[in-house]
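Q: got a sequence here, can you build the structure:
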Amino acid sequence: MRIVLASMHMEPSPRAVPLGPANLAAVLRRERAGAIDPIIIDLFLTESLDTCSERILAAKPDAVGLSIYLWNRRLAVAITRRLKESRPDLIVFAGGPEATYDHIRLLEESAIDFILTGEGEGIIVAAMDLLEAGTNPAEIPTIIPPVPMPDLARLPSPFLTGTLDTTRYSGLLWELSRGCAFLCDFCTEAKGIDSVRRFPMARVRAELDLFTATDVDQIFVLDPTFNWNKDKAKEILKYILEIGCQTHFFFEVRSEFVDDELAELFAAVSCTLQIGMQSTDKEVLKNISRGMNRKDFEKKLLMLHEAGARYGLDLIYGLPGDTPDLFRTSLDFALGLAPNHLDIFPLAVLPGTRLFVTAPSFGLEYQDHDPYHITASPTFDLPALQIATRLAASVDVFYNRGQAVPWFRMVIDALQIAPSEFFHRFASFQDARNEGAPAQPALSRDGTGPDLLNPESIIQLQREFLIAAFTEAGKPAWGRVASDIAAYLGYSTLLEEGRLHLVDEPVTRTLSFDHDPRIVLEHLEMGITDLEEIASFVPAWACEARLFMGDEGIGIELDA
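A: Residues are numbered from 1 along each chain as shown. Predicted coordinates:
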C-alpha cells in the first residue's frame, strides 16, 4: 500500500521541515515494514494548485494524508478536490491542528474522506489496517478515536531511523516534549492531555550527536517552555557544549524559570531565546489566564543581557480588555528591555482554544476562517487595530530587519520620545515617502506593506528617517550623526554575517558619511552614546569610506 504524506509549507526556509509526516512514516515503517510504503512530499504555498496535485499523483498513491495547519488550509482544501477529480478512487485523509479542532467544517468544505484528530502516531497504523481491510473510510474515526501517546519513549525518532535526512534540509524542527504546563487561553498547546510529556534523554543525546556529526546549521526547538524543567534544560545545554555542537538553536522560554546558571548556559550555547510577554497589563493577562511580575521579568531579562544571551520578545495586540493605549504601553516596556527582536501579532481566536469558547463573553469579533484574526472588540475597534498593525510592521522593518538594537536607545533618548511614538512617526514617514511612488509589485504575507526591502534599502530608509526626525526636532546635526552610526553598524553586521552578495573580493561597501566614521567609532568604543556630545566633538566632514571584512574584523578606508 503506497501512502503519500504531504507537508505544505509557506515557502522554502529552514523551518520548512515535514516533521509531522516523518513521525507518522517512521511509525509505519517500523510497524508495517514491507506492507505499507509511506512517501513524504514537501509542498509549498508558492507552488500552484496544479503543481502540488501533480506531484502527489505522480507518486501513484493508494491514499494521501495531508498535514493541515492555519497557514495551508485553503491550499489543502483545493488539493483534496483536485485529487478527487483526477482519482475518484483515491483515499484522502488529514491530520494536524486545523484538522483536529475544526474537523466538522473542514470535512464539509473539502473532499477529505476522514480526519485523524489528535496525535497521529497512536492511530495511524490501525487506520491503515482498516483501509486495507476495506473499511468505509468515513467510519474510521469512530472506530479508532484519538489516543494521546502517554509514553513518548515508544515513538521512533524520524532522525535516528533515517526517515528525515538531516543533510537534506537547511534547518530542522526538533521535538523535545508534548503538552504544556500552562493553560493560556489563546493557545492549543495544552490540549489533548493535561501534562507535559518528554522524550527520553537517551534519544535527545543520540539526536544531538547526529545533528553535530551532520553539521546541521540551525534547529527550531518544539517545546513551548524549554526551561519549565530547569534541570532538564541545563542537562541538554551542557550536553550541547560537551559535544561541541555548533548548531544554532531557537528556544521558547519563560522568564520566571531563568536563573544565573541557565543564563550563562544560554549565552555559551549558540542560540536565540523567544519569550512570550504578550502584554504588560495585569487585567489583560488575567483575561487569557496568564500573569506577569514586571520586576521579576526585568530582573530575569537583565540576567540574560548581562550573561550575553540573545533573546526576543512576543507581543499580541487586541487581547480581551486590551486598548490602544495599553498596547503602546506594552510596546514601550518591551523595547525598553532592548530585545534582539520584537515580534508583534494580532490576536487570533483559534478553534480548539478556550478563547474560542469565551470570545463572545468578551465581545470579540474575528474572522470565521483562517487566520482567525480579531476584527474588533469593545476596547479595540477596527481603526485602532489598523494603527496597531502599522506599528507592528514599522517595528519589524526598522527594528527587527534593520537590526537597530545597538543604537536604538541612543536615538530614543536624544529625541526624548517613547518608542511607540517613534514608530508611529516612522510609519507616517513611510506613507509620505511612498505617496505618488509606483505601486509595489508585492505585499508582505500579512498584507501590511512591501516585502521587498532588502537589508541595504532598509539601512537607507533608516538614515533618511533619522535625518528627517532630528531635523523636525530642530537638531539636524544630531540626525546626521545618528545616520552615520546606523550606516556603519548596519553594514558592519551585514559584512560580518556574510549577507552582502558581491562579486569583488574581499567583500566591500563604499558609503557616504557626514563625519569621519573612524572618529565616530572611537567615541562609541569609549562608551560615549550621547548624540549631542558626539555631534559637538566630531567635526562634520562629508566623505566616502570603504567598509570591508578584514582578518581582524571590519576595516575602514577613506577614499582619497
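
Q: quick one, domains of this protein?
A: Domain assignment for the chain, taken from automatic domain parsing, gives 2-143, 165-380, 407-560.

Q: can you put the ones you listed in CSV and add distance to residue 151, mean pLDDT and mean neighbour count?
A: Bear in mind the C-beta positions are built from the backbone N, C-alpha and C, glycine included. CSV is the format used below for those (distance: least, Cβ to Cβ, whole Å; pLDDT from 0 to 100; neighbours: other Cβ atoms under 10 Å):
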stretch, distance to residue 151, mean pLDDT, mean neighbour count
domain 2-143, 10, 96, 18
domain 165-380, 8, 95, 18
domain 407-560, 38, 86, 16
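
Q: can you add distance to residue 399 and give those domains back as TSV?
A: Shown next, in TSV, are these (distance: least, Cβ to Cβ, whole Å):
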stretch	distance to residue 399
domain 2-143	21
domain 165-380	6
domain 407-560	7
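
Q: after the helix or strand harbouring residue 356 comes which helix or strand?
A: Assessed by DSSP states H and E, residue 356 sits inside helix 354-362. Heading C-terminal from helix 354-362, the first helix or strand you meet, by DSSP H and E, is strand 365-366.

Q: ok, that following strand: who's next to it in the sheet?
A: Strand 365-366 has the following strand partners under DSSP bridges: strand 374-376 (antiparallel).

Q: which element follows the partner strand toward the C-terminus?
A: Per DSSP H and E, the first helix or strand lying C-terminal to strand 374-376 is helix 382-394.

Q: how close does the closest residue to residue 121 other than its chain neighbours sit to residue 38?
A: Nearest in space to residue 121, with sequence neighbours left out and distances taken as Cβ to Cβ, 6 or more residues apart in numbering, is residue 27 at 4.9 Å. Look at residue 27 and residue 38: by Cβ to Cβ, to the nearest Å, they are 9 Å apart.

Q: correct me, but residue 13 touches residue 171?
A: Yes: look at residue 13 against residue 171 with Cβ atoms under 8 Å: they come within range, at 7.5 Å.

Q: stretch 454-474: how far from the chain's middle?
A: 27 Å (Cα atoms, centre = their mean, to the nearest Å).

Q: for stretch 345-357, same thing?
A: 18 Å.

Q: with just CA atoms, put it into PDB.
A: Below are the C-alpha coordinates for stretch 345-357, written out as PDB (Å, rounded to 0.1, in the frame of the first residue of the first chain):
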ATOM      1  CA  PHE A 345       1.000  39.800  16.300                       C
ATOM      2  CA  PRO A 346      -2.700  40.500  16.100                       C
ATOM      3  CA  LEU A 347      -4.800  38.200  18.300                       C
ATOM      4  CA  ALA A 348      -6.000  35.000  16.600                       C
ATOM      5  CA  VAL A 349      -9.100  33.300  18.000                       C
ATOM      6  CA  LEU A 350      -8.200  29.700  17.100                       C
ATOM      7  CA  PRO A 351     -10.600  26.800  17.100                       C
ATOM      8  CA  GLY A 352      -9.800  24.400  19.900                       C
ATOM      9  CA  THR A 353      -8.700  27.100  22.400                       C
ATOM     10  CA  ARG A 354     -10.500  28.300  25.500                       C
ATOM     11  CA  LEU A 355     -10.600  31.800  23.900                       C
ATOM     12  CA  PHE A 356     -12.700  30.300  21.100                       C
ATOM     13  CA  VAL A 357     -15.300  29.500  23.700                       C
END
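
Q: contacts for that stretch next, please.
A: Residues outside stretch 345-357 that contact it (Cβ atoms under 8 Å, 6 or more residues apart in numbering) are 70, 97-98, 100-102, 183, 185-188, 191, 288-289, 314-320, 322, 359, 364, 366, 371-374, 385, 388-389, 392.

Q: inside helices: which ones of those residues?
A: Residues of those located in helices (DSSP state H): 97-98, 100-101, 359, 385, 388-389, 392.

Q: now, among the residues you listed, which is nearest to residue 199?
A: Nearest to residue 199 out of the ones in helices among the contacts of stretch 345-357 is residue 97 (Cβ to Cβ; 19.8 Å).

Q: quick one: contacts for the closest one?
A: 68-70, 188, 352.

Q: could those be laid out in TSV, adding distance to residue 243?
A: Formatted as TSV, the entries for those read as follows, by distance: Cβ to Cβ, whole Å:
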residue	distance to residue 243
68	37
69	33
70	36
188	34
352	38
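
Q: out of those, who's nearest residue 284?
A: Relative to residue 284, the closest of those is residue 188; by Cβ to Cβ it sits at 20.3 Å.

Q: how close does the nearest residue to that closest one once chain neighbours are set aside get to residue 162?
A: In space, and not counting its chain neighbours, residue 188 is closest to residue 352: 4.7 Å by Cβ to Cβ, 6+ apart. Per Cβ to Cβ, residue 352 is found 33 Å from residue 162.

Q: tell me which stretches of the stretch 201-350 of the chain form helices.
A: According to DSSP state H, counting those that start in this stretch, the stretch 201-350 of the chain carries its helices in the segments 201-213, 230-242, 260-268, 282-286, 294-307, 324-336.

Q: save those helices as CSV, and put in distance to residue 454 too.
A: Output for the helices of the stretch 201-350 of the chain, formatted as CSV (distance: least, Cβ to Cβ, whole Å):
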stretch, distance to residue 454
helix 201-213, 31
helix 230-242, 33
helix 260-268, 30
helix 282-286, 37
helix 294-307, 29
helix 324-336, 24
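
Q: closest to residue 56 out of those?
A: Of all these, helix 201-213 sits nearest to residue 56, with 29.3 Å by Cβ to Cβ.

Q: what's the closest one in contact with?
A: With Cβ under 8 Å, 6+ apart as the criterion, helix 201-213 contacts 153, 157, 159-160, 166, 172, 174, 176, 219, 232, 235-236, 239-240, 243-247.

Q: what about 6 Å?
A: Residues external to helix 201-213 that are found in contact with it (Cβ atoms under 6 Å, 6 or more residues apart in numbering): 157, 159-160, 239, 243, 245, 247.

Q: relative to helix 230-242, how tilted is it?
A: 30 degrees (axes from the mean of the first three to the mean of the last three Cα atoms, to 10 degrees).

Q: what about helix 201-213, distance to the chain center?
A: On Cα atoms, centre = their mean, the centre of helix 201-213 falls 24 Å from that of its chain.

Q: could you do stretch 487-497 as well?
A: That offset, for stretch 487-497, works out to 23 Å (Cα atoms, centre = their mean).

Q: cool, stretch 109-118 as well?
A: Put simply, stretch 109-118 sits 28 Å off its chain's centre (Cα atoms, centre = their mean).
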